[in-house]
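In: With the sequence up front, the predicted model follows.
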Amino acid sequence: MSAVRSVAASGSRRWLSAAAADAKNDELVFTLSVPSRSLVNNRTVKRVTVPAAEGELGLEKDGPASLLELRPGIVDVLNEDDSSDKWFIPGGFAFYNPDNTLAVSTPEGVSVDEIDEDAIKTELNQWQAKLASAETGSKEEAEATIVVDMYRELQASMGRL
């Protein structure tokens, strides 16, 4: 019985691979999603630069299929008209598929146009104070460390724009 399953599974994989190859997009199609909605939905773009764990990575059409862990940073979208949209994300994953679709899934995302740099400084200072007063090894210390790191990266990312 397991041999039959193996043959059936390999046959359907071949069929899916052929179907995926036939459905390949001519351009890069990008989606940026948070749990409640899509911030960018199936937009044809020239390039997307993501803050991969290994460093900044620019993805264009016809690249290799990839699954990337993302760190806090800027997702920079180069549109077909050469304009760009920039989004800050606190981390997530990018799924680059053989059909030239790229999906970024993140817990939060905000357009850099909506970011108030003074508010970042204020929040960073407040969280640094919480971190300084937190007991070593506590849940509060862990939470404050994560938030301080995220605000530092957000501040650094804004400085690189």
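Out: Okay, I see it.
In: if you average pLDDT over the strand ranked longest in the chain, what comes out?
Out: Longest strand in the chain, counting residues (DSSP state E): strand 37-52. Mean per-residue pLDDT for strand 37-52: 96.
In: Buried ones in stretch 57-75, by neighbour count?
Out: Leu57, Leu59, Glu60, Lys61, Leu68, Leu70, Arg71, Pro72, Gly73, Ile74, Val75 (16 or more other Cβ atoms under 10 Å). All C-beta atoms are positioned from the backbone trio N, CA, C, and that covers glycine.
In: Start and end of that stretch, how far apart?
Out: Separation of the first and last residues of stretch 57-75 by Cα to Cα, to the nearest Å is 10 Å.
In: Stretch 100-112 now?
Out: 26 Å.
In: ditto for stretch 83-103
Out: Stretch 83-103: ends 20 Å apart by Cα to Cα.
In: where along this protein do the strands fall?
Out: Going by DSSP E, the chain shows strands at 28-34, 37-52, 55-60, 66-70, 73-79, 84-89, 92-96, 101-105, 110-111.
In: Could you save the buried residues of stretch 57-75 as CSV and add columns showing pLDDT?
Out: Formatted as CSV, these follow (pLDDT from 0 to 100):
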residue, pLDDT
Leu57, 94
Leu59, 95
Glu60, 95
Lys61, 94
Leu68, 96
Leu70, 96
Arg71, 92
Pro72, 90
Gly73, 92
Ile74, 94
Val75, 96
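In: who are the neighbours in contact with the residue minimising distance to the centre of the chain?
Out: The C-alpha lying nearest the average C-alpha coordinate of the chain belongs to Val104 (Cα atoms, centre = their mean; 4.2 Å). Neighbouring residues of Val104 by Cβ atoms under 8 Å, 6 or more residues apart in numbering: 30-33, 48, 50, 70, 75, 89, 92-95.
In: how close does it get to Ile89?
Out: Distance of Val104 to Ile89, computed by Cβ to Cβ, to the nearest Å: 7 Å.
In: joint contacts of the two?
Out: Common neighbours of Val104 and Ile89 (Cβ under 8 Å, 6+ apart) are Leu70, Val75.
In: where's the longest strand of the chain relative to the chain centroid, distance-wise?
Out: On the basis of Cα atoms, centre = their mean, to the nearest Å, strand 37-52 sits 9 Å off its chain's mean C-alpha point.
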